[in-house]
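# predicted structure and sequence below. I'll ask about it afterward.
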Amino acid sequence: MINIVLFGKPGAGKGTQAEILKENYGLVHISTGDVFRFNIKNETELGKLAKSYIDNGELVPDEITINMLSAEVKGNPGAKGFIFDGFPRTIAQAEALDKLLSDNAMNVDATIALEAEDEVLIQRLIERGKVSGRSDDQDESKIRNRFDEYNAKTAPIIEYYNAQGKFHSVNGIGEIEEITGRLSTVIDSL
């Protein structure tokens, strides 16, 4: 079993790469963003609550995210492993993920950050917003707010995983296949 956290600012390519790695390694891809969007589209109570945060460029509170993730992990008991995309985003979430996995006789094997310059990511997100219709991808000020949230709350988990010897940084700029190759080199070394 292998469990990977894909990490990086919005627009870094986590979702795209997670889908490829899911196929290549037979893992279950858990994207908190996809789970939130499903709930928003279906207007569930969780979806309405998550939408209120997402529309303001804010992170959804830990308790909601952690409970959702727990259900996803427990709903896939025969999995070869998981790719966590968009989670954890804070030290508290990283600790909660470690506990959740430990309670299920698993652990995080690697946290891999896709690195890219802010200006490149802003352009990616604005283009994605034109296609997806996502309100949080269409407004540069909201995008910059998400980057500020990332820098304040998410970047500190680099040290959390680095202290465990589980943090890896990968250049997230280039052709999709090139980036996949860089990620695979890290995964194959685990």
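Yep, it's here. Numbering: from 1, shown residues only.

# state the phi and psi torsions of residue 91.
Dihedral angles of residue 91 (phi, psi; degrees, to the nearest 10) stand at phi -60, psi -40.

# how about residue 55?
When read as degrees, to the nearest 10, the backbone of residue 55 gives phi -60, psi -20.

# list the residues that contact residue 91.
When contacts are counted by C-beta atoms under 8 Å, 6 or more residues apart in numbering, residue 91 touches 156, 157, 160. In this view, the C-beta of every residue, glycine as well, is placed from N, C-alpha and C.

# correct me, but the second one touches residue 96?
No - under the contact definition of C-beta atoms under 8 Å, residue 157 does not touch residue 96, with a separation of 11.6 Å.

# more neighbours: these two, which one.
A side-by-side neighbour count of residue 157 and residue 96, using other C-beta atoms under 10 Å, places residue 157 first with 23 against 20.

# for the top helix by length along the chain, packing partners?
Counting residues, the longest helix found in the chain (DSSP state H) is helix 118-132. Packed against helix 118-132, as judged by 3 or more C-beta pairs under 8 Å, 6 or more residues apart in numbering; DSSP states H and E, are the following elements: helix 140-149.

# how about residues contacting the helix or strand just after the helix it packs on?
Next along the chain after helix 140-149, taking DSSP states H and E as the criterion, comes helix 157-163. Counting contacts by C-beta under 8 Å, 6+ apart, the residues outside helix 157-163 that touch it are 5, 7, 88, 89, 90, 91, 93, 94, 108, 111, 113, 167.

# dump those residues to CSV, plus pLDDT, secondary structure and distance to residue 142.
Written out in CSV, the entries for the contacts of helix 157-163 read as follows (pLDDT from 0 to 100; DSSP: H, G, I helix; E, B strand; the rest coil; distance: C-beta to C-beta, whole Å):
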residue, pLDDT, secondary structure, distance to residue 142
5, 97, strand, 24
7, 90, strand, 21
88, 91, coil, 22
89, 82, coil, 17
90, 84, coil, 20
91, 90, helix, 24
93, 90, helix, 22
94, 94, helix, 25
108, 97, coil, 30
111, 96, strand, 26
113, 95, strand, 22
167, 97, strand, 28
